[in-house]
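Novice: A predicted structure for the sequence below; I have some questions about it.
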Amino acid sequence: MPSIEILITFFITTAIFAYIPGPAMLYAAAQTLARGRKAGVMASLGIHLGGYVHVAAAAAGLSILFHAVPSLYMAMKLAGAGYLIWLGISLFRTKSPENPAILDVGVKSGRRAFIESMAVEVLNPKTAIFFMAFLLQFIDATLAFPVWAQFLILGTIVNLLFSSADMACVMLAGVLMVRLRRSNRAQKLTRRLGGCILVGLGARLALQKT
């Protein structure tokens, strides 16, 4: 493994990146505002598990493909952006949880948030590029310890720290939801706010040049 000095720098740098508000944190907050704390927690879990796909890809060197084949990167980016926008629009069309026809909305919302969040994370090529570019700064190819194993270990640490930040954001958004739960109008507004955030994240991803 890298030296203690490098590992300390790695932990500090990762923690700073993790707790700076970013797309994943905003996404988890949007799910919480739109569907409740349970959905937010499940969304964070989905993002976390999806992150391991990119960790594994970085360990295998697959993210280099995005540099070698720009069209593949663009296709995945547009697919992820379109999915985010579709999720945001769907929140505008969500019926009130008080509707008797959807009394199981809590269970469905949690399950859907998990599946949707994992798909969003896997379809985001920028995450793959980030893992490769960031982790390379702390990989020592001269060590006897395999490079792929260094990628897996450091990538797992990064994923855990980022997920802890997402979960903290969900808890804060959940506190806000508890206070607004008594008002049907407030619940409708928070769903629309969550939808706006998702649409905005999708548009941002689609319009970014890199």
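Specialist: In hand now; what should we look at? Residues are numbered from 1 along each chain as shown.
Novice: mind checking which helix or strand His48 is in?
Specialist: Element membership for His48, per DSSP states H and E: helix 37-60.
Novice: and what of Tyr83?
Specialist: Following DSSP H and E, one finds Tyr83 within helix 70-92.
Novice: what comes up buried for that helix?
Specialist: Residues of helix 70-92 classed as buried: 73, 76-77, 80-81, 83-85, 87-88, 91 (neighbour count, 16 or more other CB atoms under 10 Å). Bear in mind the C-beta positions are built from the backbone N, C-alpha and C, glycine included.
Novice: just checking, Cys32 touches Met177?
Specialist: Careful, residue 32 is Thr and not Cys. Yes. Using CB atoms under 8 Å, Thr32 makes contact with Met177 at a distance of 6.4 Å.
Novice: more crowded one of the two?
Specialist: Thr32 (28 against 20; other CB atoms under 10 Å).
Novice: and whichever strand or helix holds that one, what does it pack onto?
Specialist: Take DSSP H and E as the rule and Thr32 turns out to sit in helix 23-35. Helices and strands touching helix 23-35, by 3 or more CB pairs under 8 Å, 6 or more residues apart in numbering; DSSP states H and E, are helix 37-60, helix 70-92, helix 105-122, helix 147-180, helix 184-207.
Novice: tell me the angle it makes with helix 105-122.
Specialist: In terms of direction (axes from the mean of the first three to the mean of the last three CA atoms, to 10 degrees), helix 23-35 departs from helix 105-122 by 160 degrees.
Novice: what does helix 23-35 contact?
Specialist: Residues from elsewhere that reach helix 23-35 (CB atoms under 8 Å, 6 or more residues apart in numbering): 39-40, 42-44, 47, 84, 88, 91, 94, 109-110, 113, 117, 120-121, 162, 165-167, 169-170, 172-174, 176-177, 190-191, 193-195, 197-198, 201, 204-205.
Novice: quick one, which of the helices and strands packed on helix 23-35 is nearest to Phe134?
Specialist: Ranking the helices and strands packed on helix 23-35 by proximity to Phe134 (CB to CB) places helix 147-180 first, at 7.1 Å.
Novice: Give the helix, strand or coil label for Leu143.
Specialist: Under DSSP: H, G, I helix; E, B strand; the rest coil, Leu143 falls in the coil class.
Novice: Distance-wise, check it relative to Ile6.
Specialist: Remark: distance between Leu143 and Ile6 (CB to CB, to the nearest Å) = 11 Å.
Novice: got the contact list for Lys149?
Specialist: Just to correct that, residue 149 is Ala rather than Lys. Taking CB under 8 Å, 6+ apart, we find Ala149 in contact with Ala59.
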